[in-house]
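>>> missing the sequence, but the structure's below:
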């Protein structure tokens with residue numbers, strides 16, 4: 001299996017797990033199914049779905065903190081005009 005396929009599996013599983021978490025009140029049946037799909041994808045790699053979602057959230061927080069410390073990235077592109 002290629003590295004790209006592994007990465008795609010991981011991202012898909014995390015998206016399914018996150019979807020399940022956010023939609024459990026509106027549609028519990030769909031949320032349960034998406035969770036099952038996430039677990040089955042991550043089981044191939046011996047990854048716990050809770051840990052995968054937490055890892056991505058932690059990475060988002062680290063990136064947000066780094067952005068605040070560095071400031072917005074410098075761009076050389078002209079602003080978009082209406």
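Done, it's in. Quantities reported herein were computed from a predicted structural model and do not represent experimental measurements.
>>> Double-check residue 23 against residue 33; I have them as touching.
No. Shown here, residue 23 and residue 33 do not form a contact pair, counting by Cβ atoms under 8 Å, at 10.4 Å. In this view, the C-beta of every residue, glycine as well, is placed from N, C-alpha and C.
>>> Now stretch 39-52: buried residues?
39, 41, 42, 47, 49, 52 (16 or more other Cβ atoms under 10 Å).
>>> can you check stretch 2-20 too?
For stretch 2-20, using 16+ other Cβ under 10 Å, the buried residues are 9, 10, 13, 14, 16, 17, 18, 19, 20.
>>> just checking, which of those belong to helices?
The members of these that map onto helices under DSSP state H are 9, 10, 13, 14, 16, 17, 18, 19, 20.
>>> Out of these, flag the one nearest to residue 62.
residue 14 (16.3 Å; Cβ to Cβ).
>>> returning to what we had before: between the buried residues of stretch 2-20, which sits nearest residue 29?
Using Cβ to Cβ, these come closest to residue 29 at residue 20, 10.9 Å.
>>> residues in contact with that closest one?
Taking Cβ atoms under 8 Å, 6 or more residues apart in numbering, we find residue 20 in contact with 31, 32, 34, 35, 38.
>>> Redo those residues as TSV? Include neighbour count.
Formatted as TSV, the contacts of residue 20 follow (neighbours: other Cβ atoms under 10 Å):
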residue	neighbour count
31	18
32	13
34	22
35	17
38	25
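>>> picking that back up, where helices are concerned, which of the buried residues of stretch 39-52 count?
Those of those mapping onto helices are 39, 41, 42, 49, 52, per DSSP H.
>>> residues in contact with the third one?
Taking Cβ under 8 Å, 6+ apart as the definition of contact, the neighbours of residue 42 are 9, 10, 13, 48, 49, 52.
>>> Which pLDDT value belongs to the spatially closest residue to the first one that is not a sequence neighbour?
Once its chain neighbours are removed from consideration, residue 9 has its nearest residue in residue 41; the separation is 5.2 Å (Cβ to Cβ, 6 or more residues apart in numbering). Per-residue confidence for residue 41 comes out at a pLDDT of 87.
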